[in-house]
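Q: Have a look at this prediction, sequence included:
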Amino acid sequence: MRRAVYTLTGLMLLAWPLHEAAAASPAEGEQAPAFRLQDQAGEWHDLADYRGSWVALYFYPRDDTPGCTTQACAFRDDIFEFKKRGIRVIGVSLDDTESHAKFADKYSLPFALLADTEHEAAKAYGVLGSFGLFKVAKRQSFLIDPEGRIAVHYEEVEAQANSRQHLAR
């Protein structure tokens, strides 16, 4: 009986509607919120380090899940076009650096995956969501201009199409 109660509770948490747990996203034209996060290799990345470059900053819920894998692989497959246009690609989720390292290695991802384990970047960008007590980054992305301002906020994101949304600008 106890096992059934725990299973039912677990299912209820999974079915809990995703709701916003963060402030509003920065508006287009505003300064992009600063962050300092580690990537899959343990290297630190500060948004200020990217000043002078365009940045495709995408948030995603979880490493190695179907939609997130589709999204990451689309960015990977388009990486030469991003480089040609001078756009740096950065993925961010709440997963840790070890999870990111496995994910990046498994799918040969040639860009930084940043570990937002304290949820600070997700909150600052207004993309922190939750299923009950379970927190995730919502699938949204931002194109940041060389001056560090939000050029475009892609709030409605399809995993397969997000990379192309950035390249269409």
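A: Nice, I can see it.
Q: which residues in the protein form helices?
A: 2-15, 66-77, 79-84, 97-107, 120-124, 162-167 (DSSP state H).
Q: Was I right to think Asp64 contacts Asp105?
A: No. In this structure, Asp64 is not within contact of Asp105 by C-beta atoms under 8 Å, at 10.7 Å. C-beta: built from backbone N, CA, C; applies to glycine.
Q: Please identify which of the two sits among more neighbours.
A: Shown here are Asp64 and Asp105; by other C-beta atoms under 10 Å, Asp64 has more neighbours (14 against 10).
Q: residue contacts, the more buried one?
A: By C-beta atoms under 8 Å, 6 or more residues apart in numbering, Asp64 lies in contact with Ser99, Lys102, Phe103, Lys106.
Q: How about Gln140?
A: Ser25, Tyr58, Phe59, Tyr125, Val127, His153, Tyr154, Glu155, Val157.
Q: mind putting the helices of the chain in a markdown table, distance to Gln140 and mean pLDDT included?
A: Listed next are the helices of the chain as a markdown table, based on distance: least, C-beta to C-beta, whole Å; pLDDT from 0 to 100:
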| stretch | distance to Gln140 | mean pLDDT |
| --- | --- | --- |
| helix 2-15 | 21 | 41 |
| helix 66-77 | 11 | 98 |
| helix 79-84 | 18 | 98 |
| helix 97-107 | 19 | 98 |
| helix 120-124 | 10 | 97 |
| helix 162-167 | 9 | 97 |
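Q: Now render those as a markdown table, adding distance to Leu37.
A: Putting those into a markdown table (distance: least, C-beta to C-beta, whole Å) gives the following:
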| stretch | distance to Leu37 |
| --- | --- |
| helix 2-15 | 27 |
| helix 66-77 | 17 |
| helix 79-84 | 20 |
| helix 97-107 | 9 |
| helix 120-124 | 6 |
| helix 162-167 | 20 |
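Q: can you tell which of these is closest to Arg36?
A: helix 120-124 (9.0 Å; C-beta to C-beta).
Q: Report the buried residues of the closest one.
A: Ala121, Ala122, Lys123, Ala124 (16 or more other C-beta atoms under 10 Å).
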